[in-house]
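Undergrad: Just the structure for this:
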Amino acid sequence: MKSLLKYAMVMENHKPYIAMLFVQFVYAGMAMFSKAAIAKGMNPYVFVVYRQAFATVALAPFAFFLESKQTSLSYNLLCKIFLVSLCGLTLSLNLYYVAINYTTATFAAATTNTIPVLTFIIAVCLRMESISLRQLPGIAKVLGSVISLSGALVFAFAKGPPIKFMNWHPATQKQTADSLIKSYSIGEWIKGSLIMISANTAWSLWLVLQGRIVKQYPAKIRLTALQCFFSCIQSTFWAIAAERNPSAWKLGWDVHLLSVAYCGVIVTGITYWLQVWTIEKKGPVFTAIFTPLALVITAIFSAFLWKETLHWGSVGGVVLLVGGLYSVLWGKKREDGKGVTNEQNADTNKEEIVLECITHH
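TA: From the prediction side, this is the model:
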């Protein structure tokens, strides 16, 4: 009985760690399922429509029953939410799924680590974040931003020799490498890399713009459901303009249906609130530290399932990218520790915490 109680206490103390490990596995699955569906011929614009539709349906009951007595919604605020959904969710997700068609799931997971850095840079440009180059935390944030973005570029454009110990299937390795070369020419890879960085930039801009929206409309579940609904409508018009073939909209009991349901329900619904819960327990830096795990998990599963070859240049890019990310997080943590001196700053940081948790598409 005592051992069982002790085990229960250990599990209770480690809930945030378990939650974040689960979240990173979910995000790794998102990159792989998305890549699998689009590689099987699903139109990326149609994918976004169905993903947002599933997310809206999954969130609507919670938004109605749990936040039915929240702040009223004015016409002006509704227009703001519509525009933020357009420049954030709709643009970012459509660019992301177009880019993943020209790159790999590992690359998609790697470049996701640039989102906190890009968010910081955009916030600085909009004067929502300050930098003090006379202090060590400010220098760490600037250098970390430069190193992280440099790592993303190195990962994208500097392949280098393949990693030898990843050749688990020597008989099929040459055939797999040849198929990858045919699938991803240099021009397509560069195109996909630039589109992916653009998608992450749009997502980072969405995070920054969310700040004022959340202050005006604090019902977070309803706000998320509304944005998914607006994004679904916007993406529908985008998909109809880009894809005129009616057969592209058909969903069967295959990887297409599984992928959109997974991304819409599990990724948008469950992981979002798991991160919010973890942030309330441990803070935003704790959750951000786990972000690179999704890259590691994706790389391992991609190597096993799809025989995806890893290169030393890509590994070097990942080291720079993750190192830069941790440098920015360290600087941010140190500045926040010094800057929180009154209740107003504490309330401001609470809003920033909610925004910083959503670091994936």
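Undergrad: mind listing the helices for the stretch 201-350 of the chain?
TA: 220-242, 255-261, 272-282, 284-289, 291-305, 312-339, 343-356 (DSSP state H, counting those that start in this stretch).
Undergrad: Who are the packing partners of the longest one?
TA: Spelled out, that is helix 312-339. helix 105-111, helix 115-125, helix 136-157, helix 284-289, helix 291-305 (3 or more CB pairs under 8 Å, 6 or more residues apart in numbering; DSSP states H and E). From N, CA and C alone the C-beta is placed, and that goes for glycine too.
Undergrad: if we can go back for a sec, can I get the helices of the stretch 201-350 of the chain in TSV with distance to P61 and mean neighbour count?
TA: Below are these laid out as TSV (distance: least, CB to CB, whole Å; neighbours: other CB atoms under 10 Å):
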stretch	distance to P61	mean neighbour count
helix 220-242	9	20
helix 255-261	16	19
helix 272-282	14	17
helix 284-289	26	20
helix 291-305	28	20
helix 312-339	35	19
helix 343-356	21	14
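Undergrad: With distance to G41 and mean pLDDT added, can I get those helices in CSV?
TA: Listed next are the helices of the stretch 201-350 of the chain as CSV, based on distance: least, CB to CB, whole Å; pLDDT from 0 to 100:
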stretch, distance to G41, mean pLDDT
helix 220-242, 15, 90
helix 255-261, 9, 92
helix 272-282, 29, 73
helix 284-289, 35, 68
helix 291-305, 18, 80
helix 312-339, 27, 80
helix 343-356, 36, 47
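Undergrad: Distance to I100 added to those helices, as JSON lines?
TA: What follows is the helices of the stretch 201-350 of the chain, written out as JSON lines (distance: least, CB to CB, whole Å):
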{"stretch": "helix 220-242", "distance to I100": "16"}
{"stretch": "helix 255-261", "distance to I100": "11"}
{"stretch": "helix 272-282", "distance to I100": "21"}
{"stretch": "helix 284-289", "distance to I100": "23"}
{"stretch": "helix 291-305", "distance to I100": "12"}
{"stretch": "helix 312-339", "distance to I100": "16"}
{"stretch": "helix 343-356", "distance to I100": "24"}
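Undergrad: so which of these comes closest to S148?
TA: Closest of the helices of the stretch 201-350 of the chain to S148 is helix 312-339, at 2.8 Å (criterion: CB to CB).
Undergrad: re earlier: and of the helices and strands packed on helix 312-339, who's closest to G252?
TA: Per CB to CB, nearest to G252 of these: helix 291-305, 21.4 Å.
Undergrad: G160 is nearest to which of the helices of the stretch 201-350 of the chain?
TA: helix 312-339 (3.0 Å).
Undergrad: now the closest one against helix 291-305, angle please.
TA: 160 degrees (axes from the mean of the first three to the mean of the last three CA atoms, to 10 degrees).
Undergrad: between helix 312-339 and helix 136-157, how many degrees?
TA: 160 degrees.
Undergrad: that older thread, how about CSV for the helices and strands packed on helix 312-339, with distance to R222 added?
TA: Below are these laid out as CSV (distance: least, CB to CB, whole Å):
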stretch, distance to R222
helix 105-111, 29
helix 115-125, 23
helix 136-157, 34
helix 284-289, 23
helix 291-305, 27
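Undergrad: For R212, find the nearest of those helices.
TA: helix 115-125 (12.3 Å).
Undergrad: Buried residues of the closest one, list them for me.
TA: For helix 115-125, the neighbour count (16 or more other CB atoms under 10 Å) marks I115, P116, V117, L118, T119, F120, I121, I122, A123 as buried.
Undergrad: gap between A242 and Y102?
TA: Note on A242: its distance to Y102, by CB to CB, to the nearest Å, is 16 Å.
Undergrad: typo on my end, it should be I163
TA: Distance from I163 to Y102, by CB to CB: 22 Å.
Undergrad: And the two? Which one has more around it.
TA: A direct count of neighbours by other CB atoms under 10 Å for I163 and Y102 places Y102 higher, at 21 against 14.
Undergrad: does that one count as helix, strand or coil?
TA: coil (DSSP: H, G, I helix; E, B strand; the rest coil).
Undergrad: for it, phi and psi?
TA: phi -110, psi -10 (degrees, to the nearest 10).
Undergrad: and it, what pLDDT?
TA: Per-residue pLDDT puts Y102 at 87.
Undergrad: surely it meets K191?
TA: Yes - look at Y102 against K191 with CB atoms under 8 Å: they come within range, at 5.7 Å.
Undergrad: Identify the residue nearest I147 in space, chain neighbours excluded?
TA: Counting by CB to CB, 6 or more residues apart in numbering, I147 lies nearest to G324, which is 3.4 Å off, once chain neighbours are set aside.
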